[in-house]
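S.K.: Requesting a structural model of the entry that follows:
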Amino acid sequence: MSKRNSQANKSAARERLRAERERQAKKDKARRQVVVGVSVVAGLAVVAGISYAVMQLNKPSHWDSLKDEKTVVAPKNTSGKDGTTVVIGKDSAKKTLKLYEDSRCPICASFEQTVGSTVTKDVADGKYKIQYIGASFIDGDSLGGDNPSVGTRGEGSKNALSALGAALNVSTDAFLEYKSALYSAEFHPDEADDKFKDDSYLIKVADSVKELKGNKAFQKAVEDGTYDAWALKMSKSFDENKDDVTGTPTLVMDGKKITGSDGKNAPMTVEDFNTAMTAALKG
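M.R.: Model (predicted):
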């Protein structure tokens, strides 16, 4: 082989190597651009996802959106501003017993299970009327409320109060029976279980009440949230009460709290209740 051919072969080999390196460099550059592009897109997607999540967190809940509702649909058998005065009993009854309750309250459930039938009978006999004031503070206090481990606001007290409005729209008897069913040992959930937030469960409980079982109008009112705004107004009337009531159950007559033998809390036995009410009705 001549030196000329040998030199030419070497030059050709170097040229092929140079060309191959250029092609590889272009491939590497293209690959880096793709990786950067994908990373940018992924980063934008993450940012968009976070932004959406923040927007959703800051979005007013259904209940929050109703707080300033001007038009309130009040149930039948109510009176006063926004229909938040609920008085049940015979017109001939001279005195009125105020019942301050929260549907999720376990002590309210105990009171109803023990003393509730006595109250109902007294009202039917015309001994006194009752005025119901519903609260929803447990939605923000219990494990089903503003608790970091749960991360969502409770809704059961408000939702049950709205359903009670739907029952009240049917009749006062339906209201009293439904309230009793919600507090019953069979249906009342643990305070930490926000079970009343589910319309289907509230309707299931209602099926134990004669006037509400299979009642399509009642069921529609519950599912549509017809009395949701009313429930918030009722709850607000609890928060702004003039009887210095901060917890449930609390019983008040003639501006004075009705207490059991301990002199502090609501009477939790029929005997204590009858003793306290006899004194209050004489006063």
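
S.K.: helix or strand for Ala217, which one?
M.R.: In this structure, Ala217 is located in helix 216-224 according to DSSP states H and E.

S.K.: Just the residues contacting that helix, thanks.
M.R.: Under the criterion Cβ atoms under 8 Å, 6 or more residues apart in numbering, residues 162-163, 165-167, 169-170, 174, 199, 202-203, 206, 212, 226-227 lie in contact with helix 216-224. (C-beta placed from N, C-alpha, C; glycine too.)

S.K.: Over to stretch 123-133?
M.R.: Applying Cβ under 8 Å, 6+ apart, the contact partners of stretch 123-133 are 85-90, 92-101, 119, 122, 175, 179, 234, 237-238, 241, 245, 253, 277, 281.

S.K.: distance of Arg104 from Ser200?
M.R.: Per Cβ to Cβ, to the nearest Å, Arg104 is found 17 Å from Ser200.

S.K.: what's the answer for Ser79, then?
M.R.: Distance from Ser79 to Ser200, counting by Cβ to Cβ: 31 Å.

S.K.: List the buried residues in the helix holding Ala217.
M.R.: Residues of helix 216-224 classed as buried by neighbour count (16 or more other Cβ atoms under 10 Å): 218-219, 221-222.

S.K.: Likewise for stretch 178-190?
M.R.: Across stretch 178-190, burial judged by 16+ other Cβ under 10 Å covers 178-183, 187-189.

S.K.: Using PDB, write out the CA atom coordinates for it.
M.R.: In PDB, the C-alpha atoms belonging to stretch 178-190 read as follows (Å, rounded to 0.1, in the frame of the first residue of the first chain):
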ATOM      1  CA  TYR A 178     -88.600  12.200  63.800                       C
ATOM      2  CA  LYS A 179     -86.600  14.100  66.400                       C
ATOM      3  CA  SER A 180     -87.100  11.200  68.800                       C
ATOM      4  CA  ALA A 181     -86.100   8.700  66.000                       C
ATOM      5  CA  LEU A 182     -82.900  10.600  65.300                       C
ATOM      6  CA  TYR A 183     -82.000  10.500  69.000                       C
ATOM      7  CA  SER A 184     -82.900   6.800  69.400                       C
ATOM      8  CA  ALA A 185     -80.500   4.100  70.400                       C
ATOM      9  CA  GLU A 186     -81.100   2.500  67.100                       C
ATOM     10  CA  PHE A 187     -80.200   5.400  64.900                       C
ATOM     11  CA  HIS A 188     -78.100   8.000  66.800                       C
ATOM     12  CA  PRO A 189     -74.500   7.700  65.800                       C
ATOM     13  CA  ASP A 190     -71.400   8.200  68.000                       C
END
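
S.K.: Going forward, the N-terminal residue is numbered 18.
M.R.: Happy to do that; since the first residue is 18 now, the last one works out to stretch 195-207.

S.K.: In a helix, Leu116, correct?
M.R.: No - the secondary structure assignment for Leu116 gives strand rather than a helix, going by DSSP: H, G, I helix; E, B strand; the rest coil.

S.K.: That one bridge partners, please.
M.R.: Under DSSP bridges, the beta-bridge partners of Leu116 are Tyr149, Leu268.

S.K.: For stretch 103-113, give the mean pLDDT please.
M.R.: Across stretch 103-113, pLDDT averages out at 98.

S.K.: swap in stretch 153-161?
M.R.: 75.

S.K.: Let me know the distance separating Cys122 from Glu240.
M.R.: When Cβ to Cβ is the yardstick, Cys122 and Glu240 sit 25 Å from each other.

S.K.: How about Ala110?
M.R.: The span separating Ala110 from Glu240 equals 35 Å under the rule Cβ to Cβ.

S.K.: Could you do Asp260 as well?
M.R.: If you go by Cβ to Cβ, the gap between Asp260 and Glu240 works out to 34 Å.

S.K.: nearest to Lys43, of the contacts of helix 233-241?
M.R.: Looking at these and their distance to Lys43, the nearest is Asp216, at 63.3 Å (Cβ to Cβ).
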